[in-house]
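K.L.:
Test case, fold it:
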Amino acid sequence: MGKAACSLVKEPMHRLKRTVKLPITVEEAWNFFSNPKNLQKITPENMGFNITSEFFKDNMYAGQIITYKVSPLLGIKMNWMTEITQVKEGEFFIDEQRVGPYKIWHHQHHFKAIEGGVEMTDIIDYVVPFGFLGRLVEPIIVRGKLKEIFDYREQKMDKLFGMIH
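P.N.:
Alright, predicted model coming up:
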């Protein structure tokens, strides 16, 4: 996970990047992953993840606000609100936190056709809150929890679609 200085907030920016290859088409991957309702299917149950906003469309669009209840640590429920800030259908979409546990959360989802399927890349850039205390817990708690979530997602994707190894 890389670090870069975030000059606006004077806190270190952290990055998690994951790439998976699935034996489905870009269109199938896009249809599944761009539908906010499917996020719950690939999120660990112990996170208590529940979408609380209503949808007027199945697929996401730029400007869409999505609200959730989530329990990332110790079963403590919190509100999380993200905005879909950019969408290029079949290629990528970006969600950014508006309210939630991070000081900054910027999540890119990229889709690319490859031989035999699709390559999907998630790039999450984030800054933890609480200054010095946040810097202390990021490598111990936050980074580990994010890796756990994305490990789980990979297992679920393998069960749902199979994986190209």
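
K.L.:
For the chain, which segments count as strands?
P.N.:
With DSSP state E as the criterion, the chain has strands at 3-6, 11-22, 50-51, 65-70, 78-88, 92-99, 104-114, 117-127.

K.L.:
In the last one, which residues are buried?
P.N.:
Judged by neighbour count using 16 or more other CB atoms under 10 Å, the buried positions of strand 117-127 are 117-120, 122-127. Where C-beta positions appear, they are placed from N, C-alpha and C, glycine not excepted.

K.L.:
biggest separation within those, which pair?
P.N.:
Gly117 and Val127 (33.5 Å; CB to CB).

K.L.:
show me what contacts Phe132?
P.N.:
Listed by CB atoms under 8 Å, 6 or more residues apart in numbering, Phe132 has no contact partners.

K.L.:
Find the centremost residue of the chain, please.
P.N.:
Among the residues of the chain, the one closest to the centroid is His107, at 5.6 Å (CA atoms, centre = their mean).

K.L.:
how much space between it and Glu83?
P.N.:
11 Å (CB to CB, to the nearest Å).
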